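Undergrad: Just the structure for this:
(one chain, ligands or ions: 2)
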Amino acid sequence: MGEAPAFLVDDLQNEPLNGFELKNGTCKTATTIGNKMYVIGGADDGTLSIEVQIFDRSLGEWIHPTVHGTKPLSSKGHSAVFLNDRILILKKGAKSDDQIWFLEVDTQYVRQQQKQLGTEVVAWSKGVTGNAEKPVVISGPSGVGKGTLISMLMKEFPSMFGFSVSHTTRAPRGMEKDGVHYHFTEKSVMEKEIKDGKFLEFASVHGNLYGTSVEAVEVVADAGKRCILDIDVQGARSVRSSSLEAVFIFVCPPSMEELEKRLRDRGTETEEQILKRLRNAAAEIEQGKSSNIFDFILYNDNLEECYEKLKKLLGLGGCVAATPKSALRELNLPLDHSVSKIDDKIIINCISSGLEKESKNLIMLDVSALKGGAPGRTRGLDFQAIGSFSDGLIGMERLS
Ligand SMILES: Nc1ncnc2c1ncn2[C@@H]1O[C@H](COP(=O)(O)OP(=O)(O)OP(=O)(O)O)[C@@H](O)[C@H]1O
Ligand SMILES: Nc1nc2c(ncn2[C@@H]2O[C@H](COP(=O)(O)O)[C@@H](O)[C@H]2O)c(=O)[nH]1
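TA: Ligands and ions are numbered 1, 2, ... in the order given. Model (predicted):
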(Lines give C-alpha, C1' and ligand atoms only; values in the text may rest on other atoms or scores of the structure.)
(Ligands and ions follow the chains in the order given, each with its own letter.)
Protein backbone atom coordinates (compact mmCIF):
# COMPACT_ATOMS: atom_id res chain seq x y z
CA MET A 1 0.00 0.00 0.00
CA GLY A 2 1.01 3.61 -0.35
CA GLU A 3 3.30 3.43 -3.39
CA ALA A 4 1.88 5.68 -6.11
CA PRO A 5 1.68 4.88 -9.82
CA ALA A 6 3.62 7.20 -12.11
CA PHE A 7 0.99 9.89 -12.46
CA LEU A 8 0.04 12.61 -10.05
CA VAL A 9 -2.49 12.15 -7.28
CA ASP A 10 -3.43 15.79 -7.87
CA ASP A 11 -4.78 14.75 -11.26
CA LEU A 12 -7.23 12.47 -9.50
CA GLN A 13 -8.34 14.88 -6.81
CA ASN A 14 -10.11 17.13 -9.31
CA GLU A 15 -13.09 14.76 -9.12
CA PRO A 16 -12.92 13.32 -12.64
CA LEU A 17 -16.19 11.97 -14.01
CA ASN A 18 -16.66 8.23 -13.84
CA GLY A 19 -14.96 6.53 -16.74
CA PHE A 20 -12.85 9.68 -17.23
CA GLU A 21 -9.85 8.93 -19.42
CA LEU A 22 -6.67 10.24 -17.86
CA LYS A 23 -4.67 12.28 -20.33
CA ASN A 24 -1.26 11.01 -19.42
CA GLY A 25 -0.65 8.94 -22.53
CA THR A 26 -0.95 5.60 -20.76
CA CYS A 27 -4.63 4.86 -21.47
CA LYS A 28 -5.95 4.83 -17.93
CA THR A 29 -9.49 5.48 -16.71
CA ALA A 30 -10.55 6.57 -13.24
CA THR A 31 -13.90 5.45 -11.81
CA THR A 32 -15.06 6.74 -8.43
CA ILE A 33 -17.19 4.55 -6.18
CA GLY A 34 -17.73 6.01 -2.70
CA ASN A 35 -14.34 6.82 -1.23
CA LYS A 36 -12.47 4.69 -3.70
CA MET A 37 -11.17 5.59 -7.10
CA TYR A 38 -10.41 2.64 -9.39
CA VAL A 39 -7.65 3.52 -11.81
CA ILE A 40 -7.66 0.94 -14.59
CA GLY A 41 -5.32 0.79 -17.54
CA GLY A 42 -1.96 0.61 -19.17
CA ALA A 43 1.00 -0.11 -16.99
CA ASP A 44 3.62 2.63 -17.05
CA ASP A 45 6.17 0.21 -18.50
CA GLY A 46 4.82 0.82 -22.01
CA THR A 47 3.34 -2.69 -22.34
CA LEU A 48 -0.26 -1.34 -22.14
CA SER A 49 -1.03 -4.32 -19.91
CA ILE A 50 -4.28 -3.61 -18.05
CA GLU A 51 -3.57 -3.07 -14.35
CA VAL A 52 -5.78 -1.98 -11.45
CA GLN A 53 -4.86 0.49 -8.70
CA ILE A 54 -7.21 1.91 -6.09
CA PHE A 55 -6.84 5.37 -4.55
CA ASP A 56 -8.53 5.54 -1.14
CA ARG A 57 -9.57 9.18 -0.93
CA SER A 58 -10.45 9.09 2.77
CA LEU A 59 -6.95 7.83 3.68
CA GLY A 60 -5.14 9.52 0.81
CA GLU A 61 -3.42 6.20 0.06
CA TRP A 62 -2.89 3.91 -2.88
CA ILE A 63 -4.05 0.31 -2.49
CA HIS A 64 -2.72 -2.52 -4.64
CA PRO A 65 -5.63 -4.98 -4.67
CA THR A 66 -5.47 -8.75 -5.04
CA VAL A 67 -6.71 -9.25 -8.59
CA HIS A 68 -8.59 -12.49 -9.34
CA GLY A 69 -9.48 -13.93 -12.75
CA THR A 70 -7.64 -13.79 -16.05
CA LYS A 71 -7.06 -10.11 -16.85
CA PRO A 72 -7.77 -8.64 -20.30
CA LEU A 73 -5.03 -8.59 -22.89
CA SER A 74 -3.34 -5.24 -23.45
CA SER A 75 -5.32 -2.69 -25.44
CA LYS A 76 -5.00 0.67 -27.16
CA GLY A 77 -7.47 2.16 -24.71
CA HIS A 78 -10.83 1.50 -23.14
CA SER A 79 -13.98 3.11 -21.77
CA ALA A 80 -15.12 2.44 -18.21
CA VAL A 81 -18.73 2.58 -16.99
CA PHE A 82 -19.78 1.92 -13.39
CA LEU A 83 -22.71 -0.52 -12.96
CA ASN A 84 -23.75 -0.95 -9.29
CA ASP A 85 -21.23 -3.61 -8.23
CA ARG A 86 -18.81 -3.79 -11.18
CA ILE A 87 -17.13 -1.63 -13.79
CA LEU A 88 -17.90 -2.35 -17.43
CA ILE A 89 -14.79 -2.07 -19.62
CA LEU A 90 -15.19 -1.64 -23.38
CA LYS A 91 -11.84 -2.17 -25.06
CA LYS A 92 -11.08 -0.03 -28.07
CA GLY A 93 -10.14 -1.71 -31.34
CA ALA A 94 -10.00 -5.18 -29.74
CA LYS A 95 -11.06 -8.45 -31.37
CA SER A 96 -14.79 -9.19 -31.19
CA ASP A 97 -14.34 -11.89 -28.53
CA ASP A 98 -12.18 -9.67 -26.32
CA GLN A 99 -14.03 -6.36 -26.21
CA ILE A 100 -16.24 -6.51 -23.16
CA TRP A 101 -14.91 -7.05 -19.67
CA PHE A 102 -16.13 -6.51 -16.14
CA LEU A 103 -14.00 -5.55 -13.17
CA GLU A 104 -16.04 -6.76 -10.21
CA VAL A 105 -15.54 -4.50 -7.19
CA ASP A 106 -18.45 -5.31 -4.88
CA THR A 107 -20.14 -8.51 -6.10
CA GLN A 108 -20.95 -11.44 -3.81
CA TYR A 109 -17.82 -13.26 -5.04
CA VAL A 110 -15.55 -10.27 -4.37
CA ARG A 111 -17.00 -9.71 -0.89
CA GLN A 112 -16.54 -13.42 -0.08
CA GLN A 113 -12.91 -13.31 -1.22
CA GLN A 114 -12.22 -10.07 0.70
CA LYS A 115 -13.51 -11.72 3.87
CA GLN A 116 -11.46 -14.84 3.27
CA LEU A 117 -8.18 -13.09 2.37
CA GLY A 118 -8.52 -9.98 4.53
CA THR A 119 -7.32 -7.80 1.64
CA GLU A 120 -8.88 -5.57 -1.01
CA VAL A 121 -9.98 -7.85 -3.87
CA VAL A 122 -11.21 -7.12 -7.37
CA ALA A 123 -12.01 -9.75 -10.01
CA TRP A 124 -11.95 -9.75 -13.80
CA SER A 125 -14.71 -11.49 -15.74
CA LYS A 126 -15.01 -11.42 -19.52
CA GLY A 127 -18.41 -10.62 -21.00
CA VAL A 128 -19.84 -13.17 -23.40
CA THR A 129 -22.84 -12.31 -25.56
CA GLY A 130 -26.06 -14.26 -25.46
CA ASN A 131 -27.31 -16.71 -22.93
CA ALA A 132 -25.04 -19.75 -23.13
CA GLU A 133 -26.61 -22.42 -20.97
CA LYS A 134 -25.51 -22.95 -17.38
CA PRO A 135 -22.51 -25.26 -16.80
CA VAL A 136 -23.31 -28.88 -15.88
CA VAL A 137 -21.70 -30.49 -12.81
CA ILE A 138 -21.68 -34.30 -12.90
CA SER A 139 -20.74 -36.23 -9.76
CA GLY A 140 -20.95 -39.81 -8.59
CA PRO A 141 -18.75 -42.56 -7.19
CA SER A 142 -15.68 -43.72 -9.07
CA GLY A 143 -16.61 -46.28 -11.74
CA VAL A 144 -20.30 -45.36 -11.97
CA GLY A 145 -19.91 -44.21 -15.61
CA LYS A 146 -19.63 -40.38 -15.42
CA GLY A 147 -16.77 -40.25 -17.91
CA THR A 148 -18.57 -42.67 -20.25
CA LEU A 149 -21.76 -40.55 -20.25
CA ILE A 150 -19.79 -37.31 -20.75
CA SER A 151 -17.87 -38.83 -23.69
CA MET A 152 -21.16 -39.84 -25.33
CA LEU A 153 -22.51 -36.31 -24.90
CA MET A 154 -19.37 -34.67 -26.28
CA LYS A 155 -19.32 -37.07 -29.24
CA GLU A 156 -22.95 -36.43 -30.17
CA PHE A 157 -22.83 -32.65 -29.55
CA PRO A 158 -19.22 -31.56 -30.16
CA SER A 159 -20.04 -27.92 -30.81
CA MET A 160 -22.39 -27.60 -27.87
CA PHE A 161 -20.42 -28.99 -24.92
CA GLY A 162 -16.87 -28.42 -23.71
CA PHE A 163 -15.13 -30.40 -20.95
CA SER A 164 -13.58 -28.58 -18.01
CA VAL A 165 -10.09 -30.09 -17.84
CA SER A 166 -9.27 -30.51 -14.14
CA HIS A 167 -5.89 -30.47 -12.45
CA THR A 168 -4.81 -33.56 -10.53
CA THR A 169 -1.76 -34.77 -8.64
CA ARG A 170 -2.46 -38.43 -9.54
CA ALA A 171 -0.32 -40.16 -12.17
CA PRO A 172 -1.74 -40.43 -15.72
CA ARG A 173 -3.31 -43.73 -16.78
CA GLY A 174 -2.04 -45.45 -19.95
CA MET A 175 -4.12 -43.58 -22.56
CA GLU A 176 -4.54 -40.29 -20.68
CA LYS A 177 -3.05 -37.15 -22.22
CA ASP A 178 -1.86 -34.08 -20.29
CA GLY A 179 -4.10 -31.10 -21.04
CA VAL A 180 -6.84 -33.29 -22.51
CA HIS A 181 -8.01 -35.63 -19.73
CA TYR A 182 -6.35 -33.72 -16.90
CA HIS A 183 -3.62 -31.18 -16.27
CA PHE A 184 -1.26 -33.53 -14.43
CA THR A 185 0.63 -31.49 -11.88
CA GLU A 186 2.93 -31.49 -8.87
CA LYS A 187 1.30 -31.14 -5.46
CA SER A 188 3.45 -28.14 -4.45
CA VAL A 189 2.64 -26.31 -7.72
CA MET A 190 -1.08 -26.95 -7.37
CA GLU A 191 -1.09 -25.88 -3.71
CA LYS A 192 0.60 -22.58 -4.64
CA GLU A 193 -1.97 -21.98 -7.40
CA ILE A 194 -4.82 -22.73 -5.00
CA LYS A 195 -3.35 -20.15 -2.59
CA ASP A 196 -3.18 -17.62 -5.43
CA GLY A 197 -6.93 -17.97 -5.97
CA LYS A 198 -6.66 -19.74 -9.33
CA PHE A 199 -9.11 -22.53 -8.46
CA LEU A 200 -12.87 -22.51 -8.45
CA GLU A 201 -12.87 -25.62 -6.27
CA PHE A 202 -10.47 -28.35 -5.14
CA ALA A 203 -10.62 -31.46 -2.98
CA SER A 204 -8.57 -34.40 -1.79
CA VAL A 205 -10.15 -37.41 -3.52
CA HIS A 206 -9.03 -41.04 -3.01
CA GLY A 207 -5.66 -39.79 -1.72
CA ASN A 208 -4.87 -37.25 -4.49
CA LEU A 209 -5.57 -33.56 -5.01
CA TYR A 210 -8.07 -32.64 -7.76
CA GLY A 211 -9.34 -29.20 -8.71
CA THR A 212 -11.11 -27.06 -11.30
CA SER A 213 -9.21 -23.93 -12.24
CA VAL A 214 -11.13 -20.77 -13.07
CA GLU A 215 -9.33 -20.83 -16.42
CA ALA A 216 -10.61 -24.36 -17.25
CA VAL A 217 -14.19 -23.06 -17.06
CA GLU A 218 -13.36 -19.79 -18.86
CA VAL A 219 -11.78 -21.59 -21.84
CA VAL A 220 -15.02 -23.48 -22.48
CA ALA A 221 -17.20 -20.36 -22.11
CA ASP A 222 -14.90 -18.48 -24.50
CA ALA A 223 -15.50 -21.17 -27.12
CA GLY A 224 -19.23 -20.42 -26.76
CA LYS A 225 -19.84 -23.91 -25.34
CA ARG A 226 -21.68 -25.28 -22.34
CA CYS A 227 -19.17 -26.40 -19.73
CA ILE A 228 -19.25 -29.91 -18.22
CA LEU A 229 -17.47 -30.53 -14.92
CA ASP A 230 -16.76 -34.12 -13.77
CA ILE A 231 -16.00 -33.60 -10.08
CA ASP A 232 -16.53 -35.39 -6.76
CA VAL A 233 -19.22 -34.56 -4.19
CA GLN A 234 -16.94 -32.27 -2.13
CA GLY A 235 -16.14 -30.29 -5.28
CA ALA A 236 -19.83 -30.13 -6.20
CA ARG A 237 -20.59 -28.74 -2.74
CA SER A 238 -17.95 -26.01 -3.17
CA VAL A 239 -19.29 -25.06 -6.60
CA ARG A 240 -22.85 -25.04 -5.23
CA SER A 241 -21.83 -22.47 -2.61
CA SER A 242 -19.84 -20.39 -5.11
CA SER A 243 -21.37 -17.84 -7.42
CA LEU A 244 -21.10 -20.17 -10.45
CA GLU A 245 -24.67 -21.03 -11.41
CA ALA A 246 -24.82 -24.63 -12.65
CA VAL A 247 -27.04 -27.69 -13.04
CA PHE A 248 -25.97 -30.41 -10.58
CA ILE A 249 -26.42 -34.09 -11.50
CA PHE A 250 -25.54 -37.09 -9.33
CA VAL A 251 -25.02 -40.47 -11.02
CA CYS A 252 -25.81 -43.57 -8.92
CA PRO A 253 -24.84 -47.19 -9.63
CA PRO A 254 -27.61 -49.86 -9.66
CA SER A 255 -25.79 -51.67 -6.81
CA MET A 256 -22.44 -51.72 -4.99
CA GLU A 257 -21.71 -55.12 -6.59
CA GLU A 258 -22.14 -53.68 -10.08
CA LEU A 259 -19.98 -50.66 -9.15
CA GLU A 260 -17.20 -52.98 -7.99
CA LYS A 261 -17.50 -55.04 -11.19
CA ARG A 262 -17.18 -51.89 -13.37
CA LEU A 263 -14.15 -50.65 -11.43
CA ARG A 264 -12.43 -54.06 -11.64
CA ASP A 265 -13.31 -54.57 -15.32
CA ARG A 266 -11.94 -51.11 -16.16
CA GLY A 267 -8.57 -52.38 -14.97
CA THR A 268 -7.03 -48.95 -14.32
CA GLU A 269 -6.55 -49.12 -10.55
CA THR A 270 -4.52 -51.36 -8.22
CA GLU A 271 -6.38 -53.61 -5.78
CA GLU A 272 -5.59 -51.17 -2.97
CA GLN A 273 -6.96 -48.21 -4.96
CA ILE A 274 -10.11 -50.14 -5.92
CA LEU A 275 -10.82 -50.92 -2.27
CA LYS A 276 -10.23 -47.27 -1.29
CA ARG A 277 -12.59 -46.03 -4.06
CA LEU A 278 -15.27 -48.55 -3.00
CA ARG A 279 -15.00 -47.50 0.64
CA ASN A 280 -15.45 -43.85 -0.37
CA ALA A 281 -18.35 -44.73 -2.71
CA ALA A 282 -20.77 -45.60 0.10
CA ALA A 283 -20.33 -42.16 1.74
CA GLU A 284 -20.51 -40.36 -1.62
CA ILE A 285 -23.78 -42.09 -2.55
CA GLU A 286 -25.23 -41.26 0.86
CA GLN A 287 -24.29 -37.56 0.45
CA GLY A 288 -25.35 -37.45 -3.19
CA LYS A 289 -28.83 -38.71 -2.36
CA SER A 290 -29.45 -36.88 0.90
CA SER A 291 -27.76 -33.48 0.54
CA ASN A 292 -29.32 -30.48 -1.15
CA ILE A 293 -26.46 -30.18 -3.59
CA PHE A 294 -27.93 -32.01 -6.56
CA ASP A 295 -30.84 -31.04 -8.77
CA PHE A 296 -31.14 -34.49 -10.40
CA ILE A 297 -30.21 -38.09 -9.59
CA LEU A 298 -29.63 -40.49 -12.49
CA TYR A 299 -29.33 -44.28 -12.09
CA ASN A 300 -26.80 -45.69 -14.52
CA ASP A 301 -28.02 -49.26 -14.94
CA ASN A 302 -28.59 -49.59 -18.68
CA LEU A 303 -26.12 -47.18 -20.29
CA GLU A 304 -28.26 -46.21 -23.30
CA GLU A 305 -31.33 -45.55 -21.16
CA CYS A 306 -29.30 -43.47 -18.69
CA TYR A 307 -27.82 -41.44 -21.55
CA GLU A 308 -31.28 -40.73 -22.96
CA LYS A 309 -32.41 -39.49 -19.53
CA LEU A 310 -29.33 -37.29 -19.23
CA LYS A 311 -30.05 -35.72 -22.62
CA LYS A 312 -33.68 -35.15 -21.67
CA LEU A 313 -32.85 -33.31 -18.47
CA LEU A 314 -30.35 -31.15 -20.36
CA GLY A 315 -33.14 -30.20 -22.76
CA LEU A 316 -31.74 -32.27 -25.62
CA GLY A 317 -34.70 -34.58 -26.06
CA GLY A 318 -35.83 -33.49 -29.50
CA CYS A 319 -34.30 -31.58 -32.37
CA VAL A 320 -31.22 -29.67 -31.23
CA ALA A 321 -29.48 -26.68 -32.77
CA ALA A 322 -25.88 -27.76 -33.36
CA THR A 323 -24.36 -24.40 -32.43
CA PRO A 324 -25.23 -22.36 -29.35
CA LYS A 325 -26.70 -18.95 -30.12
CA SER A 326 -23.87 -17.06 -28.48
CA ALA A 327 -21.27 -18.38 -30.96
CA LEU A 328 -23.09 -16.59 -33.79
CA ARG A 329 -22.92 -13.11 -32.30
CA GLU A 330 -20.30 -10.65 -33.32
CA LEU A 331 -19.64 -7.01 -32.57
CA ASN A 332 -16.72 -4.89 -33.68
CA LEU A 333 -16.04 -1.76 -31.66
CA PRO A 334 -13.73 0.63 -33.50
CA LEU A 335 -10.88 2.45 -31.80
CA ASP A 336 -12.86 5.65 -31.92
CA HIS A 337 -16.02 5.43 -29.84
CA SER A 338 -17.70 7.14 -26.93
CA VAL A 339 -19.99 5.67 -24.32
CA SER A 340 -22.95 6.91 -22.28
CA LYS A 341 -25.32 5.18 -19.86
CA ILE A 342 -29.10 5.42 -19.54
CA ASP A 343 -30.42 3.15 -16.76
CA ASP A 344 -29.42 -0.41 -17.76
CA LYS A 345 -28.61 0.56 -21.34
CA ILE A 346 -25.14 1.52 -22.51
CA ILE A 347 -25.13 3.58 -25.68
CA ILE A 348 -21.96 3.20 -27.73
CA ASN A 349 -21.34 5.83 -30.36
CA CYS A 350 -18.91 4.34 -32.91
CA ILE A 351 -17.20 6.71 -35.29
CA SER A 352 -15.49 5.39 -38.39
CA SER A 353 -13.90 7.52 -41.11
CA GLY A 354 -14.15 6.34 -44.70
CA LEU A 355 -12.40 7.87 -47.71
CA GLU A 356 -15.06 10.49 -48.28
CA LYS A 357 -17.16 10.79 -45.20
CA GLU A 358 -17.32 10.01 -41.55
CA SER A 359 -20.09 7.66 -40.39
CA LYS A 360 -21.44 7.01 -36.93
CA ASN A 361 -23.11 3.87 -35.62
CA LEU A 362 -25.10 3.78 -32.44
CA ILE A 363 -25.09 0.48 -30.59
CA MET A 364 -27.13 -0.25 -27.50
CA LEU A 365 -25.76 -2.72 -24.98
CA ASP A 366 -28.43 -3.97 -22.57
CA VAL A 367 -26.91 -4.98 -19.22
CA SER A 368 -30.21 -5.51 -17.37
CA ALA A 369 -29.99 -9.32 -17.41
CA LEU A 370 -26.36 -10.08 -16.54
CA LYS A 371 -25.72 -13.62 -15.33
CA GLY A 372 -22.74 -15.45 -13.92
CA GLY A 373 -19.59 -13.41 -13.44
CA ALA A 374 -16.39 -14.08 -11.55
CA PRO A 375 -15.19 -16.74 -11.14
CA GLY A 376 -15.91 -17.39 -14.83
CA ARG A 377 -17.58 -15.36 -17.53
CA THR A 378 -20.41 -12.83 -17.43
CA ARG A 379 -23.29 -13.90 -19.66
CA GLY A 380 -26.54 -12.29 -20.74
CA LEU A 381 -25.21 -9.30 -22.71
CA ASP A 382 -27.54 -8.14 -25.43
CA PHE A 383 -26.57 -5.85 -28.31
CA GLN A 384 -28.75 -3.93 -30.66
CA ALA A 385 -27.71 -1.63 -33.48
CA ILE A 386 -30.00 1.34 -32.99
CA GLY A 387 -28.93 3.56 -35.80
CA SER A 388 -26.37 4.35 -38.45
CA PHE A 389 -25.65 7.96 -39.40
CA SER A 390 -23.81 9.26 -42.38
CA ASP A 391 -26.44 11.15 -44.34
CA GLY A 392 -29.00 10.61 -41.59
CA LEU A 393 -30.57 7.73 -39.72
CA ILE A 394 -30.53 4.66 -41.90
CA GLY A 395 -32.29 2.08 -39.84
CA MET A 396 -32.49 -0.31 -36.98
CA GLU A 397 -31.04 -3.77 -36.89
CA ARG A 398 -30.87 -6.33 -34.08
CA LEU A 399 -27.49 -8.01 -33.76
CA SER A 400 -28.38 -10.75 -31.29
N1 LIG B 1 -24.24 -48.57 -17.66
C2 LIG B 1 -23.11 -49.24 -17.70
N3 LIG B 1 -23.12 -50.58 -17.74
C4 LIG B 1 -21.97 -51.29 -17.77
N5 LIG B 1 -20.75 -50.74 -17.76
C6 LIG B 1 -20.67 -49.40 -17.72
C7 LIG B 1 -21.84 -48.57 -17.69
N8 LIG B 1 -21.45 -47.29 -17.65
C9 LIG B 1 -20.10 -47.28 -17.67
N10 LIG B 1 -19.63 -48.54 -17.71
C11 LIG B 1 -18.23 -48.98 -17.66
O12 LIG B 1 -17.79 -48.80 -16.33
C13 LIG B 1 -16.42 -48.41 -16.29
C14 LIG B 1 -16.29 -47.12 -15.47
O15 LIG B 1 -16.87 -46.06 -16.21
P16 LIG B 1 -16.24 -44.60 -16.19
O17 LIG B 1 -14.77 -44.69 -16.36
O18 LIG B 1 -17.03 -43.80 -17.15
O19 LIG B 1 -16.57 -44.22 -14.68
P20 LIG B 1 -16.34 -42.82 -13.92
O21 LIG B 1 -17.56 -42.59 -13.10
O22 LIG B 1 -15.96 -41.78 -14.87
O23 LIG B 1 -15.12 -43.20 -12.98
P24 LIG B 1 -14.01 -42.23 -12.32
O25 LIG B 1 -14.73 -41.34 -11.37
O26 LIG B 1 -13.10 -43.18 -11.61
O27 LIG B 1 -13.33 -41.48 -13.39
C28 LIG B 1 -15.98 -48.26 -17.73
O29 LIG B 1 -15.24 -49.40 -18.10
C30 LIG B 1 -17.28 -48.15 -18.52
O31 LIG B 1 -17.14 -48.69 -19.81
N1 LIG C 1 -13.37 -32.07 -6.64
C2 LIG C 1 -12.91 -32.50 -7.80
N3 LIG C 1 -13.03 -33.81 -8.13
C4 LIG C 1 -12.58 -34.18 -9.34
C5 LIG C 1 -12.00 -33.29 -10.24
N6 LIG C 1 -11.65 -33.96 -11.36
C7 LIG C 1 -12.02 -35.24 -11.16
N8 LIG C 1 -12.58 -35.38 -9.94
C9 LIG C 1 -13.14 -36.59 -9.34
O10 LIG C 1 -12.11 -37.42 -8.89
C11 LIG C 1 -12.56 -38.76 -8.87
C12 LIG C 1 -11.50 -39.68 -9.39
O13 LIG C 1 -11.22 -39.41 -10.73
P14 LIG C 1 -10.20 -40.36 -11.54
O15 LIG C 1 -10.03 -39.72 -12.88
O16 LIG C 1 -8.94 -40.43 -10.75
O17 LIG C 1 -10.88 -41.71 -11.63
C18 LIG C 1 -13.86 -38.79 -9.68
O19 LIG C 1 -14.94 -38.91 -8.79
C20 LIG C 1 -13.91 -37.45 -10.34
O21 LIG C 1 -15.24 -36.98 -10.47
C22 LIG C 1 -11.91 -31.92 -9.86
O23 LIG C 1 -11.42 -31.03 -10.60
N24 LIG C 1 -12.37 -31.57 -8.65
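
Undergrad: and the host helix or strand of Val189 with ligand 2, contact?
TA: Taking DSSP states H and E as the criterion, Val189 maps to helix 187-195. No - against ligand 2, helix 187-195 shows no contacts by CB under 6 Å from any ligand atom, the least distance being 10.5 Å. No exception for glycine: its C-beta is placed from N, CA and C like everyone else's.

Undergrad: what residues does that helix touch?
TA: With contacts defined as CB atoms under 8 Å, 6 or more residues apart in numbering, helix 187-195 is touched by His167, Thr169, Phe199, Phe202, Leu209, Gly211, Ser213.

Undergrad: ok so Gly147 is a strand residue?
TA: No - counting by DSSP: H, G, I helix; E, B strand; the rest coil, Gly147 is not part of a strand but helix.

Undergrad: quick revisit: okay, among the contacts of helix 187-195, which ones form the most distant pair?
TA: Thr169 and Ser213 (13.7 Å; CB to CB).

Undergrad: the more surrounded of these two?
TA: Ser213 (23 against 19; other CB atoms under 10 Å).

Undergrad: So what's the residue count around whatever residue of the stretch 301-400 of the chain ends up closest to ligand 1?
TA: Residue nearest to ligand 1 within the stretch 301-400 of the chain: Leu303 (3.5 Å; CB to the nearest ligand atom). Residues lying near Leu303 (other CB under 10 Å) number 12.

Undergrad: Contacts only, for it.
TA: Gly145, Thr148, Leu149.

Undergrad: pLDDT at the residue nearest to the second one when sequence neighbours are not counted, what is it?
TA: When you say that, I think you mean Thr148. If the residues on either side of it in the chain are set aside, Thr148 comes closest to Leu303, at 6.8 Å by CB to CB, 6 or more residues apart in numbering. At Leu303, the model reports a pLDDT of 98.

Undergrad: Tell me the spacing between the closest residue in space to Val367 that isn't next to it in sequence and Val251.
TA: Spatially, and ignoring its direct neighbours in sequence, Val367 is nearest to Asp344 (5.4 Å; CB to CB, 6+ apart). For Asp344, the distance to Val251 (CB to CB, to the nearest Å) stands at 40 Å.

Undergrad: low pLDDT regions in the stretch 1-150 of the chain?
TA: Residues of the stretch 1-150 of the chain that meet the criterion pLDDT under 70 lie in 1-26, 43-49, 130-132.

Undergrad: ugh, wrong one, the stretch 251-400 of the chain
TA: Using pLDDT under 70, the stretch 251-400 of the chain drops low at 317-331, 352-360, 387-400.

Undergrad: Which stretches in it count as strands?
TA: 296-299, 337-342, 345-353, 358-366, 371-372, 378-389, 397-398 (DSSP state E, counting those that start in this stretch).

Undergrad: buried set for stretch 55-68?
TA: Phe55, Arg57, Trp62, Ile63, Pro65, Thr66, Val67, His68 (16 or more other CB atoms under 10 Å).

Undergrad: Which members of the residues you listed are positioned in strands?
TA: Per DSSP state E, strands hold the following members of these: Phe55, Trp62, Ile63, Thr66, Val67, His68.

Undergrad: Find the pair from these with maximum spatial separation.
TA: Phe55 and His68 (20.2 Å).

Undergrad: re the thing from before, do you know how far the residue nearest to Val367 is from Val81?
TA: In terms of CB to CB, Asp344 sits 11 Å off from Val81.

Undergrad: Same question for Gly197.
TA: Shown here: Gly197 relative to Val81, a distance of 26 Å by CB to CB.
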